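> Test case, fold it:
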Amino acid sequence: MSAVIISDTHFGLDSSTLSDPSKVDRLMKEISVYGGGCDQVILLGDIFDFWRVRPENALRESVPLLKRLGEEDLKIHYVVGNHDHHLVVQKQESDFMERTARGDLFPVYSPSLRWRQTINGLNIDMLYPTYRIRCCHRTVLFTHGHHLAGIHIFTMQMMERIRRLYGEELLPADLEMMMAYAYESIYRSSYIGEMVVSFEERIWKASSLLQRITTGVFHDHHLASVEAQYEAIEGFIRDRNLGEIDCFIYGDTHRAGIFQRMGGPLAVNAGSFTRIPGKGSRIETPDTYIILDEDGLALRQLGKAEPLFLCELL
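Residues are numbered from 1 along each chain as shown. Next up is the predicted model:
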């Protein structure tokens, strides 16, 4: 197999660089040159930004990329993230209505979802929260990465204490319920979010003050390195009983990187095709993607002939 992995395009935001057809053309040419005839694309979540813009605007911005993927006849696997988590909610609601029609009203928790969905005329394999494949005789796990840290941490700590009072164990289902509640609340406020984004962009143009504040306050969290998240990655694999994973590929933090400890999985962050508004970018290596084939894994930056990282999965 041969695949290209793309994460965090955040379609709908002006900072989404793959909404530019010329950049999409450059990316497809590079995939053709360096990908050895890739037969599939793995989208690692936050492809659409349903938190800060209206869904119709996010979908409209995705047309250049999805259209080209359709023209190249590439199979698309979409691992849903937190900013496009509403796609998971839609699937769960659809399943609920089907069960209701059958008279099955019992609550169901699905630890792993997989379904087919048509977006902009393309049939896409949707997956949540993980996608597993075999490549180079190794097990590779894909996920967006928002389970590793983020908005749910404080609420999960509260839930864990409540569970302990009842002598019960904290389960992945608890995490999903808390996340779904938080993420869907943000999604329902997307019209307000779009106004906030527009307001922020005006501030960026007028002053660099907000950039200095956000860099100082949120830099470490938003741009967490792979090394800093490695223990959380091992915990994610262990808590979900995923077995032996040789390579863990994710996105979410927009910071491309690679790290491995003795006896642990190779962890790789695909980076992002989204720039931070303002003068320049806080992303060290923007516009990155991964090519995975039987020769190994290459983390590449658009426009660079040499890969940022090259690793044989022996």
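
> SS state for the most centrally placed residue in the chain?
Nearest residue to the geometric centre of the chain (C-alpha atoms, centre = their mean): Gly45, 2.8 Å. For Gly45, the secondary-structure state derived from DSSP: H, G, I helix; E, B strand; the rest coil is coil.

> Quick one: residues contacting it.
By C-beta atoms under 8 Å, 6 or more residues apart in numbering, the contact list for Gly45 reads 7-8, 78-84, 143-146, 251-252. In short, each C-beta sits where N, CA and C put it, glycine included.

> Need phi/psi at Asn82.
Main-chain torsions, Asn82, degrees, to the nearest 10: phi -90, psi -40.

> what's the nearest residue to it once chain neighbours are set aside in contact with, if anything?
Nearest non-adjacent residue to Asn82, counting by C-beta to C-beta, 6 or more residues apart in numbering: His146, 3.9 Å away. Going by C-beta under 8 Å, 6+ apart, His146 touches Gly45, Gly81, Asn82, Met179, Asp252.

> Return the closest of these with respect to Arg114.
Taking C-beta to C-beta as the measure, Gly45 is the one of those closest to Arg114, at 14.6 Å.

> Now that closest one: phi and psi?
phi 90, psi 160.

> Test for you: state the pLDDT assigned to it.
Per-residue confidence at Gly45 stands at 96 (pLDDT).

> got it, and Ser207?
42.

> For Cys135, see how far away the residue nearest to the centre of the chain is.
Separation of Gly45 from Cys135 (C-beta to C-beta, to the nearest Å): 20 Å.

> I'd like the average pLDDT over stretch 117-124.
92.

> mind listing what's buried in that stretch?
Ile119, Ile124 (16 or more other C-beta atoms under 10 Å).

> Could you look up the SS state of the residue nearest to Asn82?
Going by three-state DSSP: His146 is coil.

> Model confidence at it, what's the number?
His146 is given a pLDDT of 91.

> quick one, phi/psi of it?
phi -70, psi -10.

> In space, what's closest to the residue nearest to the centre of the chain - neighbours in sequence excluded?
Looking at Gly45 with C-beta to C-beta, 6+ apart, the closest residue is Gly81, at 2.3 Å.

> name the helices or strands packed onto the host helix or strand of Arg134?
Using DSSP states H and E, Arg134 falls within strand 130-135. On a contact count with 3 or more C-beta pairs under 8 Å, 6 or more residues apart in numbering; DSSP states H and E, strand 130-135 meets strand 75-79, strand 138-143.

> tell me which residues in that strand are buried?
Thr130, Tyr131, Ile133, Cys135.
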